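# just a sequence and a predicted model for now, questions to come.
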Amino acid sequence: MDGYEVLWGARPAPRRGPKPALSLEGIARTGIELADAEGLAAVSMQRVAAELGFTKMSLYRYVPGKAELVALMADLAMGAPPELDGGWRERLDAWARALLPRFTQHPWVLEATTGPRVPGPNELAWTEAAVAALGGTGLRGSERLDAVVVLVGHVRGIAQQAAATSAESVEQQFSSALITLLREHGDRYPSVAAALTDTAGQDEALDFGLARILDGLTTLIATRAT
């Protein structure tokens with residue numbers, strides 16, 4: 001059983017008699033609880049088995065190893081995408097805003113969904129929803145896919161910054177650090193100092209970046225129409 005089979009393999013139909021002692025979902029949810037509390041490094045076959053009250057060898061009947069377990073955890077943590085209504089811009093805006101909490105509530109998912117891998121059904125459903133939102137806009141298939149990649153990159157960037165901070169916002173912390181530096185070195189960076197006076201205390205990175213990406217797509221779609 002490899003990663004593809006774990007994520008995409010058919011689940012056995014319920015049978016009469018005693019229920020199986022373990023399930024893929026139960027194993028993955030235990031791993032999610034561990035990763036949420038202690039980080040992805042805390043997740044191991046041994047640790048998950050112990051949390052479930054079973055031996056490590058019993059888990060191998062369901063999952064071949066940690067890599068496949070983490071893939072299953074990440075897809076389960078992502079969950080299904082929301083239903084989207086409205087035009088393409090409204091749908092993508094809602095899509096991106098719904099995606100952010102999936103990363104911020106489970107920061108380890110950022111690490112687990114980096115690099116070449118087999119995407120799970122939920123992760124692919126998120127991509128499907130965003131690409132479908134751009135259907136009928138006149139954009140080529142590659143452009144629709146690239147637009148989704150850009151949106152995901154923006155959301156992931158915001159989530160990565162949030163994962164490295166406390167309750168204070170990312171921009172507030174960055175502004176505080178800049179203010180401290182510019183008290184002594186402001187004459188060397190006058191443009192930054194001037195801009196900071198208009199932005200200190202605001203936290204609009206998600207909104208600003210999302211709006212600019214969608215503005216760019218609006219221009220591209222208009223160009224295709226003409």
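It's in. Residues are numbered from 1 along each chain as shown.
# identify the residues contacting D75.
With contacts defined as CB atoms under 8 Å, 6 or more residues apart in numbering, D75 is in contact with 7, 119-123. All C-beta spots, glycine's among them, are computed from the backbone N, C-alpha and C.
# do V48 as well
By CB under 8 Å, 6+ apart, the contact list for V48 reads 27, 30-31, 34, 59, 69.
# and of those, the nearest to R212?
The nearest member of those to R212, counting by CB to CB, is G31 at 36.9 Å.
# what's the closest non-adjacent residue to that closest one?
M73 (4.5 Å; CB to CB, 6 or more residues apart in numbering).
# ok, now L72?
In space, L72 is closest to A28, 4.5 Å off (CB to CB, 6+ apart).
# show me where pLDDT drops low in the protein?
1-3, 10-20, 165-175, 198-203 (pLDDT under 70).
# and the nearest residue to V150 once chain neighbours are set aside, how many neighbours?
Using CB to CB, 6+ apart and skipping the chain neighbours, the partner closest in space to V150 is I213 (5.8 Å). I213 has 18 neighbouring residues, counting by other CB atoms under 10 Å.
# for A77, helix, strand, or coil?
With DSSP: H, G, I helix; E, B strand; the rest coil as the basis, A77 sits in helix.
# ok, residues contacting the longest helix along the chain?
Using DSSP state H, we find that the single longest helix of the chain is helix 141-163. Helix 141-163 is contacted by residues 92, 95-96, 99-100, 103-104, 107, 110, 127, 130-131, 134-135, 137, 139, 170, 205-206, 209-210, 213, 217, 220 when judged by CB under 8 Å, 6+ apart.
# filter those to the buried ones?
92, 95-96, 99-100, 103-104, 107, 110, 130, 134, 137, 139, 170, 205-206, 209-210, 213, 217 (16 or more other CB atoms under 10 Å).
# now, which of those lie within helices?
Those of the buried ones among the contacts of helix 141-163 mapping onto helices are 92, 95-96, 99-100, 103-104, 110, 130, 170, 205-206, 209-210, 213, 217, per DSSP H.
# so what's the spatially most central residue of the chain closest to, chain neighbours aside?
Nearest to the mean C-alpha position of the chain, counting by CA atoms, centre = their mean, stands F103 at 4.1 Å. Once flanking residues are discounted, F103 sits nearest to A159: 3.6 Å by CB to CB, 6+ apart.
# let me see the domain layout of this protein.
3-77, 81-225 (automatic domain parsing).
# any idea how far R61 lies from L22?
To L22, R61 is 8 Å away according to CB to CB, to the nearest Å.
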